[in-house]
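Undergrad: Mind folding the following:
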Amino acid sequence: MIQRIQSVYLALVAVLSILGLCLPLAQYFVGTTMVASFNHFVYMPTKGYDAVGSFSLAPLAFGVLLIIVVLLTLVSIMLFRFRMRQLRLTIFSTLMLVGYVLFYAFLAWKFQLQLAEINAEVQYHLCFAAILPVVSIILNCLAIHGIRKDEALVRSLDRLR
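TA: Below you'll find the predicted structure:
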């Protein structure tokens, strides 16, 4: 039954992840001038503010993680008959999103420090797409709760037969 509430939660996770792939993650400003920005695939500094160093492929990792989460979520939606597999995939997807958020926090902090070495007035601005993985984690937790509830219901009905 694909119309279960956990399928709706998982579909929202997939939609939010796809939406997040299209939007920038963070922007760095000096006053009102944007000096750097990064999204899920590339870090884009303006001239004189290239402070990426060894983290040049790090934004690409964000995109790859989110694409994997989308694929896992879509597979998990289709596994509605196999609740335990669906539960495992959803838990794995949640762990990947938690890793994504931790990696994002580390990378944003590291970019901020490197840009501050160039100009002490650099300010970090969080974009809307940075909040979407946190919302996806919450939706995944709600889906996990729904899957466990369904599994308990099926097991209780098996006992009555």
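Undergrad: which residue ranges form the strands in the protein?
TA: In the chain, the segments counted as strands under DSSP state E are 26-30, 33-38, 43-45, 122-126.
Undergrad: Quick check: which of the ones you listed is nearest to Y104?
TA: Smallest distance to Y104 across the strands of the chain (Cβ to Cβ): 8.4 Å, for strand 26-30. C-beta: built from backbone N, CA, C; applies to glycine.
Undergrad: what's that closest one in contact with?
TA: 34-38, 49, 108, 111-112, 115, 119, 121-127, 130 (Cβ atoms under 8 Å, 6 or more residues apart in numbering).
Undergrad: Just want the angle from that strand to strand 122-126.
TA: Orientation check (axes from the mean of the first three to the mean of the last three Cα atoms, to 10 degrees): strand 26-30 against strand 122-126 gives 150 degrees.
Undergrad: If you count neighbours, what's buried in strand 26-30?
TA: For strand 26-30, the neighbour count (16 or more other Cβ atoms under 10 Å) marks 26-28, 30 as buried.
Undergrad: That strand: partners in the sheet, and parallel or antiparallel?
TA: Strand 26-30 has the following sheet partners, assigned by DSSP bridges: strand 33-38 (antiparallel), strand 122-126 (antiparallel).
Undergrad: Reformat the strands of the chain as a markdown table; add mean pLDDT and distance to L16.
TA: Output for those, formatted as a markdown table (pLDDT from 0 to 100; distance: least, Cβ to Cβ, whole Å):
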| stretch | mean pLDDT | distance to L16 |
| --- | --- | --- |
| strand 26-30 | 79 | 18 |
| strand 33-38 | 76 | 19 |
| strand 43-45 | 67 | 23 |
| strand 122-126 | 78 | 16 |
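Undergrad: In CSV: the ones you listed, plus distance to V75.
TA: Shown next, in CSV, are those (distance: least, Cβ to Cβ, whole Å):
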stretch, distance to V75
strand 26-30, 30
strand 33-38, 29
strand 43-45, 30
strand 122-126, 31
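Undergrad: Tell me which of those lies nearest to G63.
TA: strand 33-38 (10.7 Å).
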